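Student: Let's see this in three dimensions:
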Amino acid sequence: MNPYRLYLVTDDRQPIDVLETVVAEAVAGGVTMVQVREKHGDVRAFIERAQTIKTVLQGTGVPLIINDRVDVALAVDADGVHLGQSDMPATLARRLIGPHKLLGLSVETERQLFEAESLPVDYLGLSAIFATPTKTDLKKEWGLDGLAGAVARSSLPLVAIGGINAANLREIADTGVHGVALVSAICQAPCPRTAAQDLMRLMG
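Tutor: Down below sits the predicted model:
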């Protein structure tokens, strides 16, 4: 089973009870991985959200990934961590989380993609495929050709991030990418379960 196929990244603006329902529904609809993101810097709130989602995922086989914070991942015994380029270095994170947890890294440029080959990571998040209003500090818009090129060059599984929705998902999947990471296409959907089912179907 490819855990990266339909990768849900949580919306940190949603209250915890809404988030709980969204994740439960999305997993029932076919989501294969969940990353809890909390950008407000409140570690206690982050741990609480992560713990809540961990409970939701119990017994589903869907891995729980923590965005940015190795300490939070260790605190809740998550399945892994996803790092950005300005977070803790991957080699240090790997030492702290041990050999068996998943470690992901966001790459935003060709150079970062190349450098990641020598890092102890399990997968890469390639961003942004398309520009989005949520990403204001965009380094590069990869586009479909850039994504296909990255898939061909990288020895690591790639997850496409940024501006992906039902309208362009088929083309994204055709590049051979391992998975797609989505926030609003699932979190803001009237029915997250149906949205996840439809997205999985579109990926073929």
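Student: Can you give me the distance of Gly59 to Met203?
Tutor: From Gly59 over to Met203 the distance is 25 Å, taken as CB to CB, to the nearest Å. Just so you know, the C-beta spots here come from the backbone N, C-alpha and C atoms, and that holds for glycine as well.
Student: swap in Leu92?
Tutor: Taken as CB to CB, the span from Leu92 to Met203 is 34 Å.
Student: Quick check on these two: which one has the bigger neighbour count.
Tutor: The neighbour comparison of Leu92 against Met203 (other CB atoms under 10 Å) goes to Met203, with 17 against 13.
Student: wait, what's in contact with the more buried one?
Tutor: Arg5, Leu6, Leu169, Arg170, Ala173, Val180 (CB atoms under 8 Å, 6 or more residues apart in numbering).
Student: And it, how close does it get to Tyr7?
Tutor: Per CB to CB, Met203 is found 12 Å from Tyr7.
Student: Then Gly61?
Tutor: Taking CB to CB as the measure, Gly61 falls 14 Å from Tyr7.
Student: Next, count neighbours for the residue lying closest to Asn67 once chain neighbours are set aside.
Tutor: Of all residues not flanking Asn67 in the chain, Arg37 sits nearest, at 4.1 Å (CB to CB, 6 or more residues apart in numbering). By the criterion of other CB under 10 Å, Arg37 has 17 neighbours.
Student: now Glu38
Tutor: 20.
Student: contacting residues around the closest residue to it other than its chain neighbours?
Tutor: In space, and not counting its chain neighbours, Glu38 is closest to Phe46: 4.0 Å by CB to CB, 6+ apart. Phe46 is in contact with Val36, Glu38, Ile66, Arg69, Val72, counting by CB under 8 Å, 6+ apart.
Student: quick one: secondary structure of Phe46?
Tutor: Following DSSP: H, G, I helix; E, B strand; the rest coil, Phe46 is assigned to helix.
Student: Thank you, goodbye.
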